[in-house]
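> Everything below, folded, please.
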Amino acid sequence: MSTSPTISFIGAGNMASAIIGGMLDNGCKAGDIWVSAPDDTHLQSIRKRFGVSITTDNRYCAQQADMVVLAVKPQVMADVCRDIAPVVQNTRPLMVSIAAGLTVDTLDGWLGGGLPLVRVMPNTPSLVGKGAAGLFANKDVKDNQKKMVASVFESIGSALWVDDEHLLHGVTALSGSGPAYFFLMLEVLEEVATEAGIAAGTARELAIQTMAGAAEMAARSEHDPGQLKRNVMSPGGTTEQAIKTFEEGGMRDLVRKAYNAAFKRSEEMAKELAGKQ
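Model (predicted):
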C-alpha cells in the first residue's frame, strides 16, 4: 500500500475478508482497519484471523475511517447508508461500494449527498488474489482518493477505471460473470476428456493448468488473442480442426449473445433495486 489511511468495512462477508487479506499481504497495518457486522461471533473470527479492530456499531465503525467500504448486500444498503449518514456527513470520508446495481447517485442520496463515492465491481477470483475489478468515481472523488481505492483493489488483482458508470454493466457481463464462462469450458473439457478414457483427476488437472497457462501467456504476450490462437494452430493439425468446429458451430455469436444477455440483466437488476428501495 502506498498510503496508510484508516479503512472501515461495513459488512464482513467473503469479499470483505478477501480485500482485508490482500491489503495486509501488501503492507497495510491491521491497526488501520476496522470491521463492523451484526454477528459478534463472526466478527471475533475476523479479529482472530486478521488482527483488525471490530465493532457491531456501523456508525462507530464509519466514524474511524478515511475510507468506508460498503460491503453489505444491495437489499440492505439503503438502511445501512441512512443509518451512517449523520456520521459520514460530518467526517466526509471516501465512500466505496462493492454492491452490484446501486448507482452512485442513489448511494449518495441515501448518505445525505455531496460525498466522494466510488463504485467497484469486483469478481470472485478476488478470493484467491486474482480478481478483476471495474471502478467508477463520482465528480467529488479527488485524484489521491482514486489512487487510494485503486491500491486497495490492486492488492487482490487488477483494478481498472471506467469513465461512464453505465459501463459497469459491461464490466459485470465481462469480469463479474466471466469466471462462470470459463468454468463452463472447464466442465465440458473434463467431461469429454473422461469420455475419451482419461482419468477424471488427470482431466481436471490438465484442463485447469491449460487454462491457467493460456491466461498467463495472454497476460505476458505482446500479441492479441487472435494471433496467440494462430500460433498454436498448424495447417491441417488438430488445433485447426477444433477451432474450425468452434467457428462453424457459431461460438463467436454465442459468446456475443451470452455477454449481451448478462449486460441486459445487469441493467434490469439495477432498475429493480432502485424501484424497491
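> Can you list the buried residues in stretch 62-73?
For stretch 62-73, the neighbour count (16 or more other Cβ atoms under 10 Å) marks Ala62, Gln63, Gln64, Ala65, Asp66, Met67, Val68, Val69, Leu70, Ala71, Val72 as buried. (Glycine included, C-beta is placed from N, CA and C.)
> so of those residues, which ones are in strands?
When these are checked against strands using DSSP state E, the ones located there are Met67, Val68, Val69, Leu70.
> In these, find the pair that's most separated.
Spatial extent of those (Cβ to Cβ) is set by the pair Met67 and Leu70 at 10.6 Å.
> can you list residues touching both of the two?
Contact criterion Cβ atoms under 8 Å, 6 or more residues apart in numbering; residues shared by Met67 and Leu70: Met95, Val96.
> Tell me which stretches of the protein form helices.
If you assign secondary structure with DSSP state H, the helices in the chain sit at 14-25, 40-50, 58-63, 74-91, 104-110, 143-154, 167-171, 178-195, 200-220, 225-232, 238-248, 251-276.
> where does Gly275 land on pLDDT?
Reading off the confidence values, Gly275 has pLDDT 72.
> Quickly, which of the helices of the chain bottoms out on average pLDDT?
Comparing the helices of the chain by mean pLDDT, the weakest confidence falls on helix 251-276, with a mean of 91.
> Just list what that helix packs against, helices and strands only.
Counting contacts by 3 or more Cβ pairs under 8 Å, 6 or more residues apart in numbering; DSSP states H and E, helix 251-276 packs against helix 74-91, helix 167-171.
> JSON lines please, covering the ones you listed and showing distance to Arg119.
Shown next, in JSON lines, are the helices and strands packed on helix 251-276 (distance: least, Cβ to Cβ, whole Å):
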{"stretch": "helix 74-91", "distance to Arg119": "12"}
{"stretch": "helix 167-171", "distance to Arg119": "6"}
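> most neighbours per residue, which of the ones you listed?
Mean neighbour count, computed with mean count of other Cβ atoms under 10 Å, is highest for helix 167-171 among the helices and strands packed on helix 251-276, reaching a mean of 21.
> chain center to it, what's the gap?
Between the centre of helix 167-171 and the centre of its chain there are 12 Å (Cα atoms, centre = their mean, to the nearest Å).
> Give me the phi and psi angles of Gly249.
phi -80, psi 0 (degrees, to the nearest 10).
> Next, work out how far apart it and Ile243 are.
With distances defined as Cβ to Cβ, to the nearest Å, the gap from Gly249 to Ile243 amounts to 11 Å.
> More neighbours: which of the two?
When neighbours are counted by other Cβ atoms under 10 Å, Gly249 and Ile243 differ, and Ile243 comes out ahead with 15 against 10.
> Quick one: residues contacting His169.
With contacts defined as Cβ under 8 Å, 6+ apart, the neighbours of His169 are Phe263, Ser266, Glu267, Ala270.
> which among those end up buried?
If you count burial by 16+ other Cβ under 10 Å, the buried members of these come out as Phe263, Ser266, Ala270.
> For Thr55, see how far away Val68 is.
13 Å.
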